[in-house]
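**Q** Using only what follows, build the 3D model:
(one chain, ligands or ions: 1)
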Amino acid sequence: KNRNRKKGNFPPSPPKLPIIGNLHQLGKLPHKSLWHLSQLYGPIISLNLGGIQTIIISSADAARGFLKTHDLQTCSRPQTESARKLTHDFHDIAFSPYGDYWREVRKVCVLELFSLKRLKSYQPIIEHEMNSLIESISESASCGDVVDLTEKSMAFTAAIIFRIAFGKKVCKGDGFHEVVNEAEALLGSYSAYELFPNLVGKAIEWFSGYQKRLNKVYNELNSLFQEVIDEHLCVGRDHEAKEDDIIDVLLGLGEKQDQSASSNLSITHDHIKGILLNIFLGGLDTSSITIVWAMAELAKKPKLMKKAQQEIRSHMKNNRGNITDKEIEQCQYLKMIVKETLRLHPPAPLLLPRQVMSHFEMEGFDFYPKMMVQINAWAIARDPKCWKDPEEFIPERFAGSCIDFRGQHFELLPFGAGRRICPAINLGIKNVEVALANLLYHFDWKLPEGMKEEDLDMEESLGFSLTIYKKLPLKLVPLPYIT
Ligand code: HEM
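**A** Numbering: from 1, shown residues only. Below you'll find the predicted structure:
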C-alpha cells in the first residue's frame, strides 16, 4: 500500500481485487483483453498487476506522447530477475535499462550487425535458404500434396537467423528451439515475488520451482552459446561462409577494443551471449509469423492473391529464377500486403515493456519512475479513428499513403518507435518480402480439398509470452506456376 501511495492524478483504472489487483483481467490473450478495457476506460489506463503499476496505451496520440514527446523519460526496461539472469546481468540490448551501456551496445548493433552493408553480406544466405524452401515445396507441388506453410516458414527464417548468428544451421531436434522458447516464456513474465513482493510471493516462487526453471534455462543457453563461441575461437575453424557471422563480428570487435582504450564498450563473452539471445528471441519467429498471416489473408481473399501474383510475374517476365531485390523493389502491391499484414497481425502486439525513469505529466495524468508501460500496437491498429474498416484486410488502403512502420506514424507500430525501436527492421522485412514474393511467384495456391475460404481459421494464440501466432498451422496446396 505504501509503495503505491504517490500523490498525483493517475489514469483511470478498472476495479481491482485485493492483492492481485487487475491480474485476473488479462485473460489468455492480454492484447485483446486490454483492448476491451481501453474501450471502457480510455486510451490511457492504469492497472495493478499484483504490485506492479502498469500503464496501458491504446491510441496513436497517447503512443506519440510516450514514444516521441516523453521517449527519454520512458525508454528504460523493467529489470526483472529472469532478464538479469538470462542476459548475464543485462549484457544485452533488448532488456538492458536505458543508460550509457545501452547506447553503446545499440550503436554496435545498428552499425555493425544490422547495417545495410551487413544486410548485403547476408544476401547469399537468404537466397540459399529461399532456394531450399522453393525446392521442398516443389516436391509437394508435383504430387499435389498439402504443404504446412507454418512449418516451412519457421524452418526458413530459423535457418537464416542461425546461419547469420552462428554461421551454421541448428536442427529442430537439437533442443535449441525449446530452450529459446522457454527463455521467452520466462522473459515475458514476472516471478511470483516480483508480483507479490512479500513472504507469500517468496513462498509461491519457491513452491513453483521458478528459480530451478530459470537456472536450468540459463545453464543450457550458456553452455550452448559457449560451445559455439569456442568453435569460432578454434584456430583453423572450417569457415564455410565467405562472410563473417555475428559471432565473428562481435569477437572481432572485442579484439579491436582490447587494443584501443578509447572505446567505452569492451565486448566480452557475456555480451555476445546476451546479444545472441536477443537475436534469437527477436528473429526466430517474428518474420515467419508475418509470412504465415500474409499467406492466410491472401488464401482467404483469392482476388488479392491473384493481383499480387500478376504484379510479381509481370516484373519477372519470363525469367524462371528467383526474384531479386530489384524486382521486389518494384512490387508496390506486395509491400502494401506486408504493411497490412503487420497492421492486423503485429507479431509482438504489446511491443516490449518499457519503464518510466522520471516523473512527467501528460494529458493531465502523472507518471512516476518504475511504472511499467505497455503500448498496445494491436489495439491502435484497430482504432476506427485512424483506420477505415479496421478489421478488414485491405492492402489498397496504403496506396498513395505515406504511412509506414518505421516509427514515424504512431497508428502503425509493429516495430515500436523511439529510441527502443527494433534495430533489425530491414532484415525482418527482407525475410518476409523475399519469402512472400517467391511463394507467390513460383506457385498458385489453393485450399485443401473441401475447404472454403470462410472455413480458414484466423484465431490467434499466445506464443511463449511476447509474440502471437496463427493458432492452427496454415495448410495450403501449391500448384507449380507454368510460364
Ligand atoms: C517482422 C520482424 C520483426 C518484428 C515485427 C519485430 C518487432 C520488434 C518490436 C515490437 C520490438 C520492441 C520495440 C520497442 O520496445 O518499442 C523489437 C525490438 C528488438 N528487435 Fe525486433 N522485430 C522483428 C525482427 C527482428 C529481428 C530479425 C531481429 C534480430 C535478428 C530483431 C531484434 C530486436 C532487438 C535486439 C530488439 C531490442 C531493441 C532495444 O531494446 O533497443 N528483431 N522488435
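
**Q** Give me every residue in this structure lying close to the ligand.
**A** 93-94, 106, 161, 278-279, 282-283, 286-287, 290, 347-348, 351-352, 414-416, 420-424, 427-428, 432 (Cβ under 6 Å from any ligand atom). Every residue, glycine included, has its C-beta placed from N, CA and C.

**Q** Among these, which lie within strands?
**A** Among the residues of the chain next to the ligand, none falls in strands (DSSP state E).

**Q** Quick check: helices, which of those residues are part of them?
**A** Arg106, Ile161, Asn278, Ile279, Gly282, Gly283, Thr286, Ser287, Thr290, Leu427, Gly428, Val432 (DSSP state H).

**Q** what's the distance between the fifth one and Gln25?
**A** Right, Gly282. To Gln25, Gly282 is 28 Å away according to Cβ to Cβ, to the nearest Å.

**Q** How about the last one?
**A** Shown here: Val432 relative to Gln25, a distance of 33 Å by Cβ to Cβ.

**Q** Which one's more surrounded, those two?
**A** Val432 (25 against 18; other Cβ atoms under 10 Å).

**Q** can you tell me which residues contact the more buried one?
**A** Neighbour list for Val432: Ser287, Thr290, Ile291, Ala294, Val338 [criterion: Cβ atoms under 8 Å, 6 or more residues apart in numbering].

**Q** try Ile323
**A** By Cβ under 8 Å, 6+ apart, the neighbours of Ile323 are Ile312, His315, Met316, Val434, Ala437, Asn438, Tyr441.

**Q** Apply 6 Å and report the result again.
**A** The contact partners of Ile323, taken as Cβ atoms under 6 Å, 6 or more residues apart in numbering, are Ala437, Asn438, Tyr441.

**Q** Neighbour count and pLDDT added to those residues, as CSV?
**A** Listed next are the contacts of Ile323 as CSV, based on neighbours: other Cβ atoms under 10 Å; pLDDT from 0 to 100:
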residue, neighbour count, pLDDT
Ala437, 26, 96
Asn438, 21, 95
Tyr441, 24, 95
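
**Q** mind listing which of those residues are in helices?
**A** Filtering the contacts of Ile323 for helices - DSSP H - leaves Ala437, Asn438, Tyr441.

**Q** Can you tell me which of these is nearest the ligand?
**A** Ala437 (15.4 Å; Cβ to the nearest ligand atom).

**Q** Would you confirm that that closest one contacts Lys326?
**A** No. With contacts counted by Cβ atoms under 6 Å, Ala437 stays clear of Lys326, the gap being 11.4 Å.

**Q** what about Thr74, how many residues close to it?
**A** For Thr74, the tally of surrounding residues (other Cβ under 10 Å) stands at 27.

**Q** and it, how far is that from Pro369?
**A** Using Cβ to Cβ, which is the criterion applied here, Thr74 is 10 Å from Pro369.

**Q** Same question for Ile55.
**A** 12 Å.

**Q** just Asp71 next, same as before
**A** Distance of Asp71 to Pro369, computed by Cβ to Cβ: 15 Å.

**Q** For these two, indicate the residue with more neighbours.
**A** Asp71 (18 against 13).

**Q** pLDDT score for that one?
**A** Looking at Asp71, its pLDDT reads 98.

**Q** Can you get me the start-to-end distance on stretch 415-426?
**A** 11 Å (Cα to Cα, to the nearest Å).

**Q** which outside residues touch stretch 13-26?
**A** With Cβ under 6 Å, 6+ apart as the criterion, stretch 13-26 contacts Ser33, Leu37, Ser46, Leu47, Asn48, Leu49, Gly50.

**Q** at 8 Å what do you get?
**A** 33-34, 37, 40-41, 45-51, 195-196.

**Q** With stretch 38-50 instead?
**A** 4, 10-14, 16, 19-23, 25-26, 34, 37, 53-59, 61-62, 190, 194-196, 201, 362-363, 365, 372, 376, 379.

**Q** same deal with stretch 70-78?
**A** Contacts of stretch 70-78 (Cβ under 8 Å, 6+ apart): 52, 66-67, 83, 94-98, 352-360, 362, 367, 372-373, 418-420.

**Q** just how off-centre is that stretch within its chain?
**A** 19 Å (Cα atoms, centre = their mean, to the nearest Å).

**Q** and if you look at stretch 377-392?
**A** Using Cα atoms, centre = their mean, the offset of stretch 377-392 from its chain centre is 20 Å.

**Q** Now do the same for that stretch: mean pLDDT, whole number.
**A** 97.

**Q** cool, stretch 20-40 as well?
**A** Here the average pLDDT along stretch 20-40 is 94.

**Q** Can you give me the end-to-end span of it?
**A** End residues of stretch 20-40 are separated by 21 Å (Cα to Cα).

**Q** circling back: select from the contacts of stretch 13-26 the one having the most neighbours.
**A** Counting by other Cβ under 10 Å, top hit in those: Leu34 with 26 neighbours.

**Q** Surely it and Ile57 touch.
**A** No. With contacts counted by Cβ atoms under 8 Å, Leu34 stays clear of Ile57, the gap being 9.6 Å.

**Q** who touches both of these two?
**A** Joint contacts of Leu34 and Ile57 (Cβ under 8 Å, 6+ apart) are Gln374, Asn376.

**Q** list the contacts for Phe365?
**A** So Phe365 contacts Gly8, Asn9, Phe10, Pro11, Ile44 (Cβ under 8 Å, 6+ apart).

**Q** okay, now Gly321: neighbour count?
**A** 9.

**Q** typed the wrong thing, it's Leu111
**A** For Leu111, using other Cβ under 10 Å, the count is 12.

**Q** can you check Glu449 too?
**A** 8.

**Q** any idea how far it is from Val477?
**A** 8 Å.

**Q** Asn219 too?
**A** 44 Å.

**Q** and if you look at Ser115?
**A** Counting by Cβ to Cβ - Ser115 and Val477 are separated by 40 Å.

**Q** quick one: which of the two has more around it?
**A** Using other Cβ under 10 Å, the more surrounded residue of Ser115 and Val477 is Val477, with 18 against 14.

**Q** How many residues are close by the closest residue to that one other than its chain neighbours?
**A** Distance criterion Cβ to Cβ, 6 or more residues apart in numbering; nearest residue to Val477, sequence neighbours excluded, is Lys446 at 5.0 Å. Look at Lys446: counted by other Cβ under 10 Å, it has 15 neighbours.

**Q** Would you list the phi and psi of Lys446?
**A** Main-chain torsions, Lys446, degrees, to the nearest 10: phi -130, psi 160.
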